[in-house]
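**Q** Here is the input, now give the coordinates:
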Amino acid sequence: MGVKVRRKASLRREYKGDYLDIPSRPFLMKILQKQGDKQVLFADKLLKFTSSGKMKRRIHMITDFAIYIVDPITDALKCRIALAAVD
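**A** Just a heads-up that it's a prediction; the model follows:
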């Protein structure tokens, strides 16, 4: 009664950082090369909730210089935030 149980898939999940295998996705590599970034520290898919309650898919990437938010449907860069600007 009321006892939480961890999911089997999350018990021994190793941290990879790049969960999307960025080098195998040419449109993401093109975005990174255009901005001058080479090393991806973290990449994964996210769900963004809008103010009206709708969900939008996004790809979130963190490199050694910036944070990128990419729209996977249009393959377009939505936002780039330099890590120097983040406190």
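**Q** nearest residue to the residue most central in space within the chain other than its sequence neighbours?
**A** In the chain, the C-alpha closest to the average C-alpha coordinate belongs to His60, at a distance of 2.1 Å (CA atoms, centre = their mean). Nearest in space to His60, with sequence neighbours left out and distances taken as CB to CB, 6 or more residues apart in numbering, is Leu46 at 5.0 Å. C-betas here are computed from N, CA, C, even on glycine.
**Q** Figure out how far whichever strand or helix holds the one you found is from the centre of its chain.
**A** Leu46 is located in strand 40-49, with elements delineated by DSSP states H and E. Relative to its chain's centre, strand 40-49 lies at 2 Å (CA atoms, centre = their mean, to the nearest Å).
**Q** What are the contacting residues of that strand?
**A** For strand 40-49, the surrounding residues in contact (CB atoms under 8 Å, 6 or more residues apart in numbering) are 17-20, 22, 28, 32, 55-64, 72.
**Q** And the residue nearest to the centre of the chain, which helix or strand is it part of?
**A** Using DSSP H and E, His60 maps to strand 55-63.
**Q** got the angle between the strand holding Leu46 and strand 55-63?
**A** Angle between the axes of strand 40-49 and strand 55-63 is 160 degrees (criterion: axes from the mean of the first three to the mean of the last three CA atoms, to 10 degrees).
**Q** Next, the buried residues of strand 40-49.
**A** The neighbour-count criterion (16 or more other CB atoms under 10 Å) identifies 40, 43 as the buried residues of strand 40-49.
**Q** One more: stretch 77-87?
**A** Buried residues in stretch 77-87, counting neighbours by 16+ other CB under 10 Å, are found at 77, 80.
**Q** Kindly report the same for stretch 54-67.
**A** Applying a neighbour-count criterion of 16+ other CB under 10 Å, the buried positions in stretch 54-67 are 58-63, 66-67.
**Q** could you dump those to CSV with distance to Gln39?
**A** Compiled in CSV, the buried residues of stretch 54-67 are given as follows (distance: CB to CB, whole Å):
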residue, distance to Gln39
Arg58, 21
Ile59, 17
His60, 16
Met61, 11
Ile62, 10
Thr63, 6
Ala66, 11
Ile67, 14
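**Q** picking that back up, list the residues that contact the residue nearest to the centre of the chain.
**A** Applying CB under 8 Å, 6+ apart, one finds that His60 lies in contact with 42-46, 67-70.
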